[in-house]
Structure formats: C-alpha cells, structure tokens
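In: Output the structure for:
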Amino acid sequence: MSRGAAEPRIVAGFHAVLVRLRADPASVLEIFLDEARNDARARDLAAAAESAKVKLTRVQARRLDGFASDARHQGVVARVEARRVTNNLDELLDDLKIPPFLLVLDGVTDPHNLGACLRVANAAGAHAVIAPRDRSAGLSPVVSKVASGAAELTPYIMVTNLARTLVELKERNIWVVGTTDDAPQELYSADLPRSIAWVLGAEGEGMRRLTRERCDLLVRIPMRGGVESLNVSVAAGVVLYESVRRGAGKAAP
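Out: Numbers count the residues shown, from 1 in each chain. Take a look at the predicted model:
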C-alpha cells in the first residue's frame, strides 16, 4: 500500500498547534507567534513551547498570513514534521490489536470537508482516514484548522490506487461498506461487522464506479425530510457512530 509524503507542513491555529505540541513535541520544528498577541492564550502557548524546548519566534502578522495561506491562523502557525504513522497503511493495520475501524473518502476535494471528516473520525475513534492521492484534498493549514487538532492525531493516508487498496483491505477480512442514496438497505437494518472500512463519496458525485464495485455492502442513510443528501462530514458522523454504537473502534491512536 502506498506511502505518503514526509515533507514538513504547516499547522495553523492555537488548538491545532497545542494538540500537536502536547501529542508529539519532537515533531514540532518551530512555532511562529504574532508579536502583537500578549493575551493569556498566547502566553500559555509560549509556556508550553518553552516547556517542550520548541523554538518559538515572534513575527509580524503578515508573515503568518504568508505561511498559512487562506487558513485563519489566529496569530500562530507551526512548522511540523509529517507523522510517520501516516506513511504506511500496512504498518498501521499490522500494529492494531483490535478489529480495524476505518473511514475511506473517495473524491473529497474541499479542505473544509476533509477537516470536518478528520475531526469526526478522531472523535469516533477511527484508526485512519484513507483517500486516493489523485482526487482528494491534501493536508493543509485549512484542513488542520477545521479539524481542530484531529489532523495531528488521526492518520490520513493517501493511496495511489483506491480500488486496489480496498481489495487489500478485504484480503485482511475488513468489510468494505459504502454509502449511497440508492442502496436497497438502510444503515440501521444492516448487519455491520466490527472490522469495517466505511466508504463515502463526494457530495453530488458520490463514489466512483470502481470504488462502488469493490464494496462488500452498500447502505443508505434514511432521509426523513425534504433534503436529498447530507454533507459528507455529517454522513461520516452518522455511519461511524452507528458502528461505535455496535462496538467498533476505541480511542484514536
């Protein structure tokens, strides 16, 4: 299964930076803090950086704007190393001592949607989020900000060939379950295993044909009102927590 990039990246926002600093201080290369911020939040971050022996540099706000592009950085960004665990799906699965609990995103290109999906995946205890390299948003300051720290805790694994990866998951006895509006069976009546990879497509387009064909089971989320579909992150929350209700997952690594 494919390996991801290991180049340093930018994390923006106080919560995301603090989560990374506390979870893996050795991976934080440098923190840049708005020189105009001297409030309690800024002081707490500076103290945490000093305690972790991480370099913190006071800079002008416009320099932070350049680092974080279109993310709302709140006055702080950090340069961090890519987390090693995200580089190899086989390693992650080999190390698990309980049934794998995964979220697969096919064609989610909006960074806000990806960030929200990472947040709900982490909250539900999913072990990783998997996406195709060619049709997905990458980790970015926007994703980290929306994920509110989850991008620093939940592995996001981008694979070269998603259809092949789903076959490899099935070879490990992981059920691949897709969500689609035209599935004959509703989510709540489906027989769901604990070892599961939930597959969601992009809003509007849904899963690609090959992705759909690799699923062991297709289910639909019942829609009782007038809207026809849910935002992908909301749908992810519905299906992941239905698995949690049935005993899947644990605290995210």
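In: Name all residues that make contact with Arg194.
Out: 99, 101, 243, 246-248 (CB atoms under 8 Å, 6 or more residues apart in numbering). No exception for glycine: its C-beta is placed from N, CA and C like everyone else's.
In: where are the low-confidence patches of the stretch 1-150 of the chain?
Out: For the stretch 1-150 of the chain, applying pLDDT under 70 flags the ranges 1-6, 68-71, 82-87.
In: which of the contacts of Arg194 count as buried?
Out: By neighbour count, with 16 or more other CB atoms under 10 Å, the contacts of Arg194 hold 99, 101, 243, 248 as buried.
In: In strands, which of the contacts of Arg194 fall?
Out: Phe101 (DSSP state E).
In: okay, the contacts of Arg194 in a markdown table with distance to Arg58 next?
Out: Putting the contacts of Arg194 into a markdown table (distance: CB to CB, whole Å) gives the following:
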| residue | distance to Arg58 |
| --- | --- |
| Pro99 | 47 |
| Phe101 | 42 |
| Ser243 | 45 |
| Arg246 | 50 |
| Gly247 | 49 |
| Ala248 | 45 |
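In: So if we follow the domain assignment, how does the chain break up?
Out: 9-80, 85-245 (automatic domain parsing).
In: I'd like to know which elements whatever helix or strand His112 lives in is packed against.
Out: Using DSSP states H and E, His112 falls within helix 111-124. Other elements packing on helix 111-124 under the criterion 3 or more CB pairs under 8 Å, 6 or more residues apart in numbering; DSSP states H and E are strand 101-106, strand 128-132, helix 141-147, helix 232-245.
In: List the buried residues for it?
Out: Neighbour count says helix 111-124 has 111, 113-124 buried, by 16+ other CB under 10 Å.
In: Tell me which residues of stretch 143-156 come out buried.
Out: Quick answer for stretch 143-156 (16+ other CB under 10 Å): 143-156.
In: likewise stretch 193-209?
Out: Buried residues in stretch 193-209, counted by 16+ other CB under 10 Å: 195-203, 206-208.
In: Might you calculate how far stretch 56-72 sits from the centre of the chain?
Out: 23 Å (CA atoms, centre = their mean, to the nearest Å).
In: residues making contact with that stretch?
Out: For stretch 56-72, using CB under 8 Å, 6+ apart, the contacting residues are 10, 12-13, 30-36, 45-46, 49-50, 73, 75-77, 140-142, 144-145.
In: and with 7 Å instead?
Out: Contacts of stretch 56-72 with the rest of the structure, by CB atoms under 7 Å, 6 or more residues apart in numbering, involve 10, 12-13, 30-36, 46, 49, 73, 75, 77, 141-142, 145.
In: among those residues, which ones are buried?
Out: 10, 12-13, 31-34, 46, 49, 73, 75, 77, 141-142, 145.
In: Closest one of the residues you listed to Asp181?
Out: Using CB to CB, Val142 is the member of these that sits closest to Asp181, with 28.0 Å.
In: roughly how far apart are the closest residue to that closest one other than its chain neighbours and Arg22?
Out: Distance criterion CB to CB, 6 or more residues apart in numbering; nearest residue to Val142, sequence neighbours excluded, is Pro111 at 4.1 Å. Here Pro111 is placed at a distance of 24 Å from Arg22 (CB to CB, to the nearest Å).
In: thinking Leu45 is in contact with Val19, fair?
Out: No. Leu45 lies out of contact with Val19 (CB atoms under 7 Å); the separation is 11.5 Å.
In: from what I can see Leu169 touches Ala197, true?
Out: Yes. Contact between Leu169 and Ala197 holds when scored by CB under 7 Å: they sit 5.3 Å apart.
In: list residues touching both of those two?
Out: If you check Leu169 and Ala197 against CB under 7 Å, 6+ apart, the residues they both contact are Val176.
In: still on that earlier bit, any chance of CSV for the buried residues of stretch 143-156, columns distance to Pro132?
Out: CSV is the format used below for the buried residues of stretch 143-156 (distance: CB to CB, whole Å):
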residue, distance to Pro132
Val143, 16
Ser144, 20
Lys145, 23
Val146, 20
Ala147, 19
Ser148, 25
Gly149, 25
Ala150, 20
Ala151, 18
Glu152, 22
Leu153, 22
Thr154, 18
Pro155, 16
Tyr156, 12
